[in-house]
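K.L.:
please work out how this folds:
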Amino acid sequence: MMVTPEGWEAVIGLEIHVQLNTATKMFCGCPVSFGDVPNTNVCPLCLGHPGTLPAMNEKAIEYATRIGLALNCTISPHSIFHRKNYFYPDLPKGYQISQYDLPLAVDGHLDVELEDGSILRVGVTRAHLEDDAAKLVHAGGVDGRIAGADYSMVDFNRGGTPLVEIVSEPEIHTPEQARAYLTQLKSLLEALEVSDVNMEEGSLRCDANISVHRPGTPFGTRTELKNMNSFRFLQRGLEAEIERQISALERGEEIVQETVHFDTGSGKVSTLRSKEEAHDYRYFPEPDMVPIELSAEYVEKVRAGLPELPAARKERYMRDYGLSPYDAGVLSANRPLAAFFERLSTQTGEAKLAANWVMGDFSGYLNAQGLEVKDSAVSVEALAELLGLLAAGTLSGKMAKDVFAAMVETGKGAPELVAERGLGQISDTGELETMVSELIAANPGPAEEYRQGRDRVLGFFVGQIMKQTRGQANPQLLNELLRKALAGSSPDN
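P.N.:
Alright, predicted model coming up:
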């Protein structure tokens, strides 16, 4: 139980809408493709023309089954579609084809690892199929395309895209827990290869139901926070709505069941409309669709084809690569990054070194440039060459970072850059011993100070040789040689 300083507990349930990356739409043959010219991927069926009949997308059913199994759900052998009736410009049929009382997957859960290492089990009420609405493009306003305009346009390309809605139980109690749930659910969906889960493009969208109450009392009236399109905005929006509800209740006001909007600029929550109930949508069975009948053999075939999921991958990384729980968790959460790490580890034979570089400089470069792993200018093979030079002592850690930056900038390989720029670490013992002897002979005063126990004087000698070698002396070897030489030297030498 998480109780606020004011003695309130928040109760949060999340509804996640996942666009499936099938080739065609849910009930027609129009292509699913983001960013195409508006209203080009349409047909009479997805535009709601009278007399058209929907046909189920078999791949969407398979993907929804994958999701249900990965969320530990029971897959219903018999499920049906319903019409969810409401009127809005983005819904040309006047209804959405969805599932209501007989969904495809029910009674699951997701185990969410929290920052303190504890596990929060969040129940999954249902995961059901539906088709997406069209996309409204607002012409006016601050973010509009046409300054001063007071209308919106509709792009029907998105209309009919297959969706799976994942509904959690109200078992989340803090914005941080909600963010962790969504983050780990996204990783799971990415591993299943059923969606590109791109929140910016709308293929992963999140609604939240929130209420607050005193522990031991009935749940409060809930509100719905719509369309959170990033992990950060989900957390901020929940924080703002929880604070708003607590403040209102402590002023003696009642919470009204409504749909609210979080303004990311002002950080404020405002009312959109009164909250609809199921009866407001006048659900009734879709008369043009046959039921979905899934045999036990079909479900087991889908189960057998599931890929390695993030939790299992994390355990394998800890067991086979000796990674810490944190490192294994970071890498296993991102499927493309995990694949890059595994290939790099195989080529270098240094799992920990590979993990450090993938999570550090490599990920930092991708984030700074806004790139995906597949778009990286530095390949696995190129980074393996760099790490080979580092492991061999040819490059110091700082040199390797500088070479990596040059690789990103120029597209050249590490060996070429090292030769071209005269880089490379001096690890020749004889060469360094000569430098050390000459330096000590030229500086008898600091050498005597070191012999008298002033260890910090060692930094003077290290700095002088690093300056002489332009930072290319092997620091570990240099320190070892200096300590040995200084300890053995005397004023008579």
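
K.L.:
tell me which residues of the strand ranked longest in the chain come out buried.
P.N.:
Ranked by residue count under DSSP state E, the longest strand found in the chain is strand 119-131. Residues of strand 119-131 classed as buried: 120, 122-131 (neighbour count, 16 or more other CB atoms under 10 Å). C-beta coordinates here come from the backbone N, C-alpha and C atoms, glycine included.

K.L.:
ok, of those residues, which one's closest to Ser332?
P.N.:
Leu120 (18.1 Å; CB to CB).

K.L.:
mind putting the buried residues of strand 119-131 into TSV with distance to Val42?
P.N.:
Formatted as TSV, the buried residues of strand 119-131 follow (distance: CB to CB, whole Å):
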residue	distance to Val42
Leu120	42
Val122	38
Gly123	38
Val124	33
Thr125	33
Arg126	30
Ala127	28
His128	25
Leu129	21
Glu130	18
Asp131	13
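
K.L.:
which one of those residues is nearest to His17?
P.N.:
Glu130 (8.5 Å).

K.L.:
for the closest one, which non-adjacent residue is spatially closest?
P.N.:
Spatial nearest neighbour of Glu130, excluding adjacent residues (CB to CB, 6 or more residues apart in numbering): Ser98 at 3.7 Å.

K.L.:
beta partners of that neighbour?
P.N.:
His82 (DSSP bridges).

K.L.:
now do stretch 227-237: everything it contacts.
P.N.:
The contact list for stretch 227-237 (CB atoms under 8 Å, 6 or more residues apart in numbering) reads 175-176, 178-179, 182-183, 199-200, 202, 205-208, 225, 262, 264, 267, 269.

K.L.:
re the thing from before, hmm, the residue nearest to Glu130 is touching Asn85, no?
P.N.:
No: using CB atoms under 8 Å, Ser98 is not in contact with Asn85; the gap is 10.4 Å.

K.L.:
count of residues packed around the residue nearest to Glu130?
P.N.:
Neighbours of Ser98 under the rule other CB atoms under 10 Å: 19.

K.L.:
tell me the pLDDT at it?
P.N.:
pLDDT for Ser98: 96.

K.L.:
mind listing what whichever strand or helix holds Val112 pairs with, with the direction of each?
P.N.:
Here Val112, judged by DSSP states H and E, is contained in strand 105-113. Here strand 105-113 has these sheet partners by DSSP bridges: strand 74-75 (antiparallel), strand 119-131 (antiparallel).

K.L.:
distance to Asp327 and mean pLDDT added to the ones you listed, as JSON lines?
P.N.:
Formatted as JSON lines, these follow (distance: least, CB to CB, whole Å; pLDDT from 0 to 100):
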{"stretch": "strand 74-75", "distance to Asp327": "35", "mean pLDDT": "98"}
{"stretch": "strand 119-131", "distance to Asp327": "19", "mean pLDDT": "97"}
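
K.L.:
can I get those strands in CSV with distance to Glu448?
P.N.:
Formatted as CSV, the strands paired with strand 105-113 follow (distance: least, CB to CB, whole Å):
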stretch, distance to Glu448
strand 74-75, 81
strand 119-131, 61
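
K.L.:
go through those and name the closest to Glu58.
P.N.:
strand 119-131 (11.7 Å).

K.L.:
now the closest one: how far from the chain's centre is it?
P.N.:
18 Å (CA atoms, centre = their mean, to the nearest Å).

K.L.:
could I get the next helix or strand after it in CSV with only the CA atoms?
P.N.:
Where DSSP H and E defines the elements, the next helix or strand beyond strand 119-131 is strand 135-138. Extracted C-alpha coordinates of strand 135-138, given in CSV (Å, rounded to 0.1, in the frame of the first residue of the first chain):
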residue,chain,number,x,y,z
LYS,A,135,-6.9,10.4,-37.3
LEU,A,136,-8.1,14.0,-36.7
VAL,A,137,-5.7,16.7,-37.8
HIS,A,138,-6.5,20.0,-36.2
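
K.L.:
skip ahead from strand 135-138 and say which helix or strand is next.
P.N.:
strand 152-155.

K.L.:
so in that sheet, which strands flank that next one, and in what orientation?
P.N.:
In the sheet, strand 152-155 lines up with strand 135-138 (antiparallel) (DSSP bridges).

K.L.:
show me which positions of the partner strand end up buried.
P.N.:
Lys135.

K.L.:
for the remainder of this discussion, apply numbering that starts at 678.
P.N.:
Sure, I'll start counting at 678 from here, so that last one is strand 812-815.

K.L.:
which residues does it contact?
P.N.:
By CB under 8 Å, 6+ apart, strand 812-815 touches 715, 766-767, 821-822, 829-832, 834-836, 879.

K.L.:
and it, how far out from the chain's middle?
P.N.:
26 Å.

K.L.:
with stretch 1028-1047 instead?
P.N.:
15 Å.

K.L.:
and for stretch 875-889?
P.N.:
14 Å.

K.L.:
kindly report the same for stretch 886-899.
P.N.:
Using CA atoms, centre = their mean, the offset of stretch 886-899 from its chain centre is 30 Å.

K.L.:
could I have the CA atoms of that stretch written out in PDB?
P.N.:
Extracted in PDB, the C-alpha atoms of stretch 886-899 (Å, rounded to 0.1, in the frame of the first residue of the first chain):
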ATOM      1  CA  ASN A 886      -8.400   5.500 -14.800                       C
ATOM      2  CA  ILE A 887      -7.600   7.200 -11.400                       C
ATOM      3  CA  SER A 888      -9.300   7.600  -8.100                       C
ATOM      4  CA  VAL A 889      -8.200   8.300  -4.500                       C
ATOM      5  CA  HIS A 890      -9.500   7.100  -1.200                       C
ATOM      6  CA  ARG A 891      -8.500   6.700   2.400                       C
ATOM      7  CA  PRO A 892      -7.100   3.200   3.100                       C
ATOM      8  CA  GLY A 893      -9.900   1.000   4.400                       C
ATOM      9  CA  THR A 894     -12.700   2.900   2.800                       C
ATOM     10  CA  PRO A 895     -14.400   2.200  -0.600                       C
ATOM     11  CA  PHE A 896     -12.700   3.400  -3.800                       C
ATOM     12  CA  GLY A 897     -13.400   6.900  -4.800                       C
ATOM     13  CA  THR A 898     -15.000   8.200  -8.000                       C
ATOM     14  CA  ARG A 899     -12.700   7.700 -10.900                       C
END
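
K.L.:
list the buried residues for that stretch?
P.N.:
886-890, 897, 899.

K.L.:
run through who's touching it.
P.N.:
Under CB under 8 Å, 6+ apart, the answer for stretch 886-899 is 678, 680, 684-692, 847, 900-902, 915, 918-919, 922-923, 926, 931-934, 952.

K.L.:
just the mean pLDDT for that stretch, thanks.
P.N.:
On average, stretch 886-899 scores 93.

K.L.:
same deal with stretch 683-693?
P.N.:
For stretch 683-693, mean pLDDT is 93.

K.L.:
equivalent analysis for stretch 972-988, please.
P.N.:
Rounded mean pLDDT across stretch 972-988 is 96.
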